[in-house]
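Chemist: have a look at this prediction, sequence included:
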Amino acid sequence: MKEKDLLLTITTIEGLQKLAFLENLTKEMNDFTTRLQGETGCTCDVYIDVKASRQKITLFETKT
């Protein structure tokens with residue numbers, strides 16, 4: 001993608017919405033992987049984190 005095309009994309013409302021969506025999704029995935037890498041109390045905690053992250057991703061998918 002050329003710089004001019006990228007600039008046109010992020011200067012429209014739709015382009016900004018897509019950029020915000022990608023930022024939110026990236027943040028959620030980073031938070032999720034950080035939680036998985038940390039010391040968890042038990043397997044139940046990991047299961048809850050995975051289930052919650054799946055629900056958030058499903059929510060993100062329905063918003064697009």
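Modeler: That came in fine, so what should we check first?
Chemist: chain center to the lengthiest helix in the chain, what's the gap?
Modeler: When the chain is parsed with DSSP state H, its longest helix is helix 13-37. Distance of helix 13-37 from its chain centroid, counting by C-alpha atoms, centre = their mean, to the nearest Å, is 3 Å.
Chemist: buried residues in it?
Modeler: Buried residues in helix 13-37, counted by 16 or more other C-beta atoms under 10 Å: Glu28, Phe32, Arg35. Where you see a C-beta, it was placed from the backbone N, CA and C, and this is true even at glycine.
Chemist: which one of those is nearest Ala20?
Modeler: Nearest to Ala20 among these: Glu28, at 12.6 Å, using C-beta to C-beta.
Chemist: list the contacts for that closest one?
Modeler: Neighbouring residues of Glu28 by C-beta atoms under 8 Å, 6 or more residues apart in numbering: Ser53, Lys56, Ile57, Phe60.
Chemist: buried among these? Need that as a selection in ChimeraX.
Modeler: Here is the ChimeraX command that picks out the buried ones among those, judged by 16+ other C-beta under 10 Å:
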select :53,56
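Chemist: how about the contacts of Glu28, which pair is most distant?
Modeler: Using C-beta to C-beta for every pair in the contacts of Glu28, the one that comes out farthest apart is Ser53 and Phe60, at 10.4 Å.
Chemist: if I look at the spatially most central residue of the chain, how far off is Cys42?
Modeler: The chain has Leu25 as the residue nearest its centroid, 1.2 Å off, counting by C-alpha atoms, centre = their mean. As judged by C-beta to C-beta, to the nearest Å, Leu25 and Cys42 stand 28 Å apart.
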